[in-house]
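Q: sharing a model prediction with you, sequence too.
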Amino acid sequence: QLDADNYETDPCLKEIRRAENYSWMDIVTIHKDKLPNYEEKIKTFYEEHLHLDDEIRYILDGSGYFDVRDKDDKWIRISMEKGDMITLPAGIYHRFTLDENNYVKAMRLFVGEPVWTAYNRPADDFPARKQYMKFLADEA
């Protein structure tokens, strides 16, 4: 169980970061009064996309939804709230949206230097997408 109120000193988070080699992190607050270009950013987050690296998010406050595609290409909605952490593998199509509270504060974690590039669907020719699809096929 992670302690979102004490994330700076939480030994569980420290151990996760060490074990997974999450060497870089920052904190983003998604709220109309806190995020520059809020409306544009919200639209961008909700556009279906993938990344070439894993996306790791730890919710420190507030709530929202990650939508991911299942093996049949149907949406699965994942409710995220304070204390939740998610790792979206490289190559998975996904999107993010706030819930009715219109507020989330999240820690973003990376292995090495952060890469913010999102590739909107279709992006099936990237090696990360092909590797993810192979993983799904191997699991089936």
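A: Yep, it's here. Numbers count the residues shown, from 1 in each chain.
Q: only C-alpha atoms from now on, for both contacts and neighbour counts.
A: Noted.
Q: and the longest helix seen in the chain, which residues are buried?
A: Ranked by residue count and defined by DSSP state H, the top helix of the chain is helix 127-139. For helix 127-139, a neighbour-count test (16 or more other CA atoms under 10 Å) marks A128, R129, K130, Y132, M133 as buried.
Q: and for stretch 23-41?
A: M25, T29, I30, H31.
Q: in strands, which of those residues fall?
A: M25, T29, I30 (DSSP state E).
Q: just grab the bridge partners of the second one for me.
A: Okay, so that is T29. On the basis of DSSP bridges, T29 is bridged to K105.
Q: ok, the first one next?
A: Under DSSP bridges, the beta-bridge partners of M25 are L109.
Q: I'd like the numbering to begin with 346 instead of 1 from here.
A: Right, with 346 as the first residue, what we last looked at is M370.
Q: so how far is the longest helix of the chain from its chain's centroid?
A: 19 Å (CA atoms, centre = their mean, to the nearest Å).
Q: pull the CA atoms of it into CSV?
A: Extracted as CSV, the C-alpha positions of helix 472-484 are listed here (Å, rounded to 0.1, in the frame of the first residue of the first chain):
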residue,chain,number,x,y,z
PRO,A,472,8.5,-1.6,-32.9
ALA,A,473,7.0,-1.0,-29.5
ARG,A,474,3.5,-1.6,-30.9
LYS,A,475,4.6,-4.8,-32.6
GLN,A,476,6.3,-6.0,-29.4
TYR,A,477,3.1,-5.3,-27.4
MET,A,478,1.0,-7.2,-30.0
LYS,A,479,3.4,-10.1,-29.9
PHE,A,480,3.1,-10.1,-26.1
LEU,A,481,-0.7,-10.3,-26.4
ALA,A,482,-0.5,-13.1,-28.9
ASP,A,483,1.9,-15.1,-26.7
GLU,A,484,-0.4,-14.7,-23.8
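Q: which strand runs longest in this protein?
A: strand 400-414.
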